[in-house]
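Q: From the sequence below, what's the structure:
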Amino acid sequence: MPISPRDRDEQGRARNARPRDGLGRPLPYGLTGVERQPEGVPRTPEEALTEAQRLLDLGRPFHAHEVLEDAWKAAPEPERELWRGLAQLAVGLTHAARGNPSGASALLSRGAKNISPYIDNPPHGVDVAALVAWAAEGTGVPRLTGGS
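A: Numbering: from 1, shown residues only. Here you go, the predicted model:
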């Protein structure tokens with residue numbers, strides 16, 4: 001059986017072990033990249049929001065997306081689309097930072113659509129109304145919660 005050149009984890013799932021730049025773009029093997037967020041880290045919703053905001057503030061939206069994606073995968077069913085939408089907003093910001101305005105627009109719109117149903121009763125202090133407005137504008141760093 002041929003050996004695959006793709007990186008695999010212990011369960012045989014494809015994992016790209018190439019180093020990445022600050023916006024998550026793969027770099028050639030052998031270069032030093034930015035440390036990636038570990039996958040599958042169990043966090044409370046508040047911890048996930050705090051870590052994602054920290055990464056957004058550092059200009060690392062790709063890494064924030066990884067944190068939000070873990071929260072999405074672990075969320076109870078009634079909150080899954082909220083977390084999915086938050087991850088999509090971070091990916092939209094990643095596309096904007098990478099100079100891909102059409103990708104940014106698509107992901108920001110999709111993310112806003114997915115979080116909009118939570119606007120009247122947002123869980124975990126997520127400032128859904130402000131995020132929907134931010135996604136329409138698409139400038140600056142979003143604030144995930146109403147806190148500072």
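Q: List the buried residues in the longest helix along the chain.
A: Counting residues, the longest helix in the chain under DSSP state H turns out to be helix 80-97. Residues 81-97 are the ones in helix 80-97 that count as buried (16 or more other CB atoms under 10 Å). Quick note: C-beta positions are derived from backbone N, CA and C, even for glycine.
Q: Point out where the chain drops to low pLDDT.
A: Within the chain, the stretches with pLDDT under 70 are 1-9, 11-16, 147-148.
Q: Got the domain ranges for it?
A: What automatic domain parsing lists as the domains of the chain is 7-36, 45-137.
Q: centre of the chain versus the last one, how much separation?
A: By that I understand domain 45-137. 6 Å (CA atoms, centre = their mean, to the nearest Å).
Q: Strands of this protein, start to end?
A: Counting by DSSP state E, the chain has no strands at all.
Q: contacting residues around P45?
A: If a contact means CB atoms under 8 Å, 6 or more residues apart in numbering, then P45 has A71, A75, E79, P123, H124 as its contacts.
Q: Most neighbours among those residues, please name it.
A: A71 (26 neighbours; other CB atoms under 10 Å).
Q: That one and P117: what is the separation?
A: Distance from A71 to P117, counting by CB to CB, to the nearest Å: 17 Å.
Q: One more: D57?
A: 27 Å.
Q: Please convert the domains of the chain to CSV, extending it with distance to R143.
A: As requested, the domains of the chain are exported to CSV (distance: least, CB to CB, whole Å):
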stretch, distance to R143
domain 7-36, 20
domain 45-137, 6
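Q: Need the winner for burial among the ones you listed.
A: Ranked by mean neighbour count under mean count of other CB atoms under 10 Å, the domains of the chain are led by domain 45-137, which reaches a mean of 19.
Q: now the end-to-end length of that domain.
A: End-to-end span of domain 45-137 (CA to CA, to the nearest Å): 26 Å.
Q: ranges for the helices of this structure?
A: For the chain, the helices defined by DSSP H cover 45-57, 61-74, 80-97, 101-115, 128-137.
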